[in-house]
Each structure stands twice: as structure tokens, then as C-alpha cells.
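Trainee: Here's my sequence, what's the structure:
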Amino acid sequence: MSLFRRRPQAEMPMLNTAALPDLIFTVLFFFMFVTHMRVVDANADVKMPKGHDLEKVSRRSSTITLFVTADGRVMADGKVMKADDVADYIVAERRKMSPETVRDIMVNIKADKDAKMNTLNSIRSQLRNINVLNVSYSATEEKAAGMANERK
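Mentor: Alright, predicted model coming up:
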């Protein structure tokens, strides 16, 4: 017989995971409140033109969206400006960006279907003068009812 009695090995207590869902939801809500979601909201009534064979453009942080109304007003980030002031606005926004995003800057023009082409040409020439060459135009997908009948 030995002098010391051996104790049985103590089992490791199980991890209590009852509070884990509460912790996960707390972290989720924290990030939902802290994260800033960039939403472009037009304060103008812009009726988008319709088109077909449209391509989706990926959203980037270096995208500046301009809304052009039928009466020639230009809106960006809630600011109303004339078409002649677009270059100054883009230059001011470019100064706020990092050098990596300035290289990939893109201007998305959401113009009303009744907007004057003179206004759009003025905006394009200003963008060309400040070396912003990546421009996209937004439109809504046209329902191709007549085309579906031709394919049958």
C-alpha cells in the first residue's frame, strides 16, 4: 500500500455557452450602429430613362453621384448647384479622398429623361477639363415585351 491516496482526476468543467447568443447579438448591434452606410438620396424628382442591354457598375467609395433634373439643376450630396459649378464640387470632393481612391474616381450621372443635352455636355466638358474621364450614366431596365414575342 502506498502512503498517499490517489485522488481521481478532476474533470474539466464544461464551458457554459448560454450567454453566447446574447454576446453575438450585442456585437452585431454595436457594429450596426457604429458603421456608416453611404446612401445617395436625391431630393429631386428624377425620372430615369429606360434602356436595354444595361450593365451594373460595382459601387465604389470613389463614386460621386450627380442628379440632373429636367430644369437643369444639378444635385450632389444634398447640395444644389448649377451645371457650371460641377468642376469645383468634384475638385473639392477629390481633395477629401485618399490618393488611391483619386485614381479610381468615377462620376455617376443620374439624369432625368427630359434633361437638356446642353446641360449634360457642359458637365462632361467640365469633367474632361479636370481629368475625370470615368463617367457612367444610370437608366432603368426596359421591359422587353415586344422582343420576347420576336424570339419565339
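
Trainee: Next up, identify which helix or strand Glu93 is on.
Mentor: Mapping Glu93 onto the secondary structure by DSSP states H and E places it in helix 86-96.

Trainee: ditto for Ile109
Mentor: With secondary structure defined by DSSP H and E, Ile109 is part of strand 106-111.

Trainee: Could I get the buried residue list for the helix or strand that comes right after that strand?
Mentor: Past strand 106-111, further along toward the C-terminus, the next helix or strand under DSSP H and E is helix 117-129. By neighbour count, with 16 or more other C-beta atoms under 10 Å as the criterion, the buried positions of helix 117-129 are 119-120, 122-124, 126-127. In short, each C-beta sits where N, CA and C put it, glycine included.

Trainee: Throw those residues into a markdown table and include pLDDT and distance to Glu100, thanks.
Mentor: Conversion of these to a markdown table gives the following (pLDDT from 0 to 100; distance: C-beta to C-beta, whole Å):
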| residue | pLDDT | distance to Glu100 |
| --- | --- | --- |
| Thr119 | 91 | 32 |
| Leu120 | 92 | 29 |
| Ser122 | 93 | 30 |
| Ile123 | 93 | 25 |
| Arg124 | 93 | 25 |
| Gln126 | 93 | 24 |
| Leu127 | 93 | 20 |
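
Trainee: quick check: longest helix of the chain.
Mentor: helix 20-34 (DSSP state H).

Trainee: mind checking how far it is from the chain centre?
Mentor: Mean C-alpha position of helix 20-34 versus that of the full chain (C-alpha atoms, centre = their mean, to the nearest Å) differs by 24 Å.
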